[in-house]
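K.L.:
Test case, fold it:
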Amino acid sequence: MSGEQHLPGEQFEDEFYKKLDRFLSPSQPIQSIEHLKGRDTELRRVQEALKTPGRHVFIFGAAGVGKTSLASTAAFLAHPTDTDPPIVSCDPNTSAMEFFELAARKLGNISLRLQRSTGSFGGALGLGGFRLKSEQSDEVVPTRLPRSIDEAVSQIQEIVGSRADDLVLIVDEFDRPNDTAFRTLFGDFIKQLSDRRVPVRLIVCGVATSLEQLLSGHTSAFRYVRDVELDRLSFQARIDIIESAAAAVGFELDRGFVYRICHLSDGFAHFVHLVTRQLFLKMRDAETKVARVQEFNAAVRCAIQEVNVTLRIAYQKATEKYSTKDEYEAVLWGLADSPELKRRSTDIFESANRIRVKLLRDEIARRTFNTRLNSLKKDSHGEIVVGSRAGGYEFRQTMMRGYCRLRAEQNDVVLDADTFNEHGEKAGAFGSRPQF
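P.N.:
The predicted structure follows:
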């Protein structure tokens, strides 16, 4: 290929990975404002909230849009220097009191580090139900679970003490706990933190479509909260992520490759980072600085394998144990064949048969299509689709749209090919695969 340049082998290996990790991190949140693309407005809203006395922040949206990256970047900007903001991740078994204990432990750890860095005390310090150890281990060991919200807030208040600057605690995956009382108690917790002027701010992240969905059962806590909804990335933000990373590692991407990644990602930051990273790794392996179609295709294949395992398992359960796998795939790809999250069955049917024709397969009869679509709503197929004929259909996990686009791309099918991007160009204007 004319103009192709080659890398000198292992000379820049370490530096290459360092740069790649700074700019493309599909498995870790962004923590730098330099690398947080397309979120200026949302970041400003979070920062304004943290400057308002007694205000906490709830960031909500679909999985994979970058909620934790926004929270981490905002927390790093607001948190006292010399320490990283603590983060508590919830899981299905997290109870309210266990959460409060863990939050106190992590805040105590940070408070201890800050006090040690200023030389404000030595030895061991006992605070309420906690004992802070000043050894190198940095352990903060609570002696008991709090028995009430009042006790939980009191223990945190004693640990952090009186501060001129607030500590920032990130609460991730807030939607996951199964404990029915968790959210109601959390609302009380927020209210008491603010009412008692505890110098701690919370940035809470959760998969939801509204604040009410996350804080159900405690609407009185809403006045202490700034809600920030995070949508999928704009087309320009996706371009910025790809091109800034390419410039950092010294790679060249034809605009067609950039647009294909933007389109495949469906606006999910996770997929932008994942596919771009895989492409750059394939380019490094091929010792070329200029992207070619073979590296792009290999990157798509690898991205499919690197996608969150829960998406792969859900897709397999929905399709791969059936002799009619190709029909189920056509229905799933048809559902993803639109910029809209929810589609009517008639539109999905038309898309599915367009895809079948593209693959040189017979069209699906409407009755068969209805059977396949309804099966995808059942437990036998992982309940991968939700909805009804009246209200439309959508994926249970919104990120499944991006995974379906990758699977379709692997089979030479461009989904949503007639959509125009923000530059007035058709997303599928480069053919079923990039043509160069």
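
K.L.:
which ones are touching the residue nearest to the spatial centre of the chain?
P.N.:
In the chain, the C-alpha nearest the mean C-alpha coordinate belongs to Gly64, at 2.8 Å (Cα atoms, centre = their mean). For Gly64, the contacting residues are Phe268, Ala269, His270, Phe271, Thr398, Met399, Gly402, by Cβ atoms under 8 Å, 6 or more residues apart in numbering. Every C-beta, even on glycine, is put in place using the N, C-alpha and C of the backbone.

K.L.:
ranges for the helices of the stretch 301-436 of the chain?
P.N.:
Ranges of helices within the stretch 301-436 of the chain are 309-319, 325-335, 345-358, 366-375, 400-410, based on DSSP state H, counting those that start in this stretch.

K.L.:
These: which one's closest to Tyr259?
P.N.:
Tyr259 lies closest to helix 400-410 among the helices of the stretch 301-436 of the chain, at 12.9 Å (Cβ to Cβ).

K.L.:
So Val153 is in contact with Lys191, correct?
P.N.:
No: the pair Val153 / Lys191 is not scored as a contact, 9.4 Å apart, by Cβ atoms under 8 Å.

K.L.:
how about the residue nearest to the centre of the chain, secondary structure?
P.N.:
coil (DSSP: H, G, I helix; E, B strand; the rest coil).

K.L.:
okay, and for the stretch 251-400 of the chain, where does confidence drop off?
P.N.:
389 (pLDDT under 70).

K.L.:
what do you get for the stretch 101-250 of the chain?
P.N.:
In the stretch 101-250 of the chain, residues with pLDDT under 70: 114-144, 217-218.

K.L.:
Going by residue numbers, what spans are helices in it?
P.N.:
149-160, 182-195, 211-214, 235-249.

K.L.:
now the last one: how far from the chain's centre is it?
P.N.:
This means helix 235-249. 18 Å (Cα atoms, centre = their mean, to the nearest Å).

K.L.:
re the thing from before, any idea how far Cys404 is from the residue nearest to the centre of the chain?
P.N.:
Separation of Gly64 from Cys404 (Cβ to Cβ, to the nearest Å): 13 Å.

K.L.:
and what of Ile242?
P.N.:
In terms of Cβ to Cβ, Ile242 sits 21 Å off from Cys404.

K.L.:
quick one: which of these two has more around it?
P.N.:
Ile242 (27 against 23; other Cβ atoms under 10 Å).

K.L.:
List the residues that contact that one.
P.N.:
Leu253, Val258, Ile261, Cys262, Val272, Thr276 are the contacts of Ile242 under Cβ under 8 Å, 6+ apart.

K.L.:
With Phe174 instead?
P.N.:
Counted by Cβ under 8 Å, 6+ apart, Phe174 has contacts Phe58, Cys90, Phe186, Val204, Cys205, Gly206, Leu214.

K.L.:
Let me know the helix or strand that Phe58 is in.
P.N.:
strand 56-61 (DSSP states H and E).

K.L.:
one step back: JSON lines please, covering the helices of the stretch 301-436 of the chain and showing distance to Pro177.
P.N.:
Formatted as JSON lines, the helices of the stretch 301-436 of the chain follow (distance: least, Cβ to Cβ, whole Å):
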{"stretch": "helix 309-319", "distance to Pro177": "18"}
{"stretch": "helix 325-335", "distance to Pro177": "29"}
{"stretch": "helix 345-358", "distance to Pro177": "34"}
{"stretch": "helix 366-375", "distance to Pro177": "31"}
{"stretch": "helix 400-410", "distance to Pro177": "23"}
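
K.L.:
Just tell me which of those helices ends up closest to Thr52.
P.N.:
Closest among these, once you apply Cβ to Cβ, is helix 400-410, at 35.2 Å.

K.L.:
got a list of contacts for the closest one?
P.N.:
64, 260, 263-266, 268, 270-271, 275, 300-301, 303-304, 307, 311-312, 314-315, 329, 332-333, 335-336, 341, 355, 384, 395, 414-416, 433.

K.L.:
which helices and strands sit right next to the longest strand seen in the chain?
P.N.:
In the chain, assigned by DSSP state E, the strand with the most residues is strand 200-207. Strand 200-207 sits against helix 40-50, strand 56-61, helix 67-78, strand 167-172, helix 182-195, with contacts defined as 3 or more Cβ pairs under 8 Å, 6 or more residues apart in numbering; DSSP states H and E.

K.L.:
now the nearest residue to Lys377 once chain neighbours are set aside: how far from Ile261?
P.N.:
Closest residue to Lys377 apart from its sequence neighbours, by Cβ to Cβ, 6 or more residues apart in numbering: Val385 at 5.2 Å. As judged by Cβ to Cβ, Val385 and Ile261 stand 26 Å apart.

K.L.:
any idea how far Glu243 is from Gln236?
P.N.:
Gln236 is 10 Å from Glu243, by Cβ to Cβ.

K.L.:
sorry, that was for Leu373
P.N.:
In terms of Cβ to Cβ, Leu373 sits 39 Å off from Glu243.

K.L.:
Over to Asp285?
P.N.:
21 Å.

K.L.:
for His270, same thing?
P.N.:
For His270, the distance to Glu243 - Cβ to Cβ - is 18 Å.

K.L.:
ditto for Leu202
P.N.:
35 Å.

K.L.:
Got the domain ranges for this protein?
P.N.:
40-230, 309-398 (automatic domain parsing).

K.L.:
Which one, of those domains, ends up nearest to Lys19?
P.N.:
domain 40-230 (18.0 Å).

K.L.:
Can you give me the first-to-last residue distance of the closest one?
P.N.:
Counting by Cα to Cα, to the nearest Å, you get 11 Å between the two ends of domain 40-230.

K.L.:
Make 38 the first number, not 1, from now on.
P.N.:
With the count now opening at 38, the last piece we talked about shows up as domain 77-267.

K.L.:
now the helices and strands packed on strand 237-244 as CSV including mean neighbour count and distance to Ser185?
P.N.:
Formatted as CSV, the helices and strands packed on strand 237-244 follow (neighbours: other Cβ atoms under 10 Å; distance: least, Cβ to Cβ, whole Å):
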stretch, mean neighbour count, distance to Ser185
helix 77-87, 16, 27
strand 93-98, 26, 20
helix 104-115, 24, 28
strand 204-209, 24, 20
helix 219-232, 20, 9
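
K.L.:
Mind putting these into JSON lines with distance to Leu61?
P.N.:
Shown next, in JSON lines, are those (distance: least, Cβ to Cβ, whole Å):
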{"stretch": "helix 77-87", "distance to Leu61": "20"}
{"stretch": "strand 93-98", "distance to Leu61": "21"}
{"stretch": "helix 104-115", "distance to Leu61": "12"}
{"stretch": "strand 204-209", "distance to Leu61": "21"}
{"stretch": "helix 219-232", "distance to Leu61": "34"}
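
K.L.:
who's in contact with Gly287?
P.N.:
Lys326.
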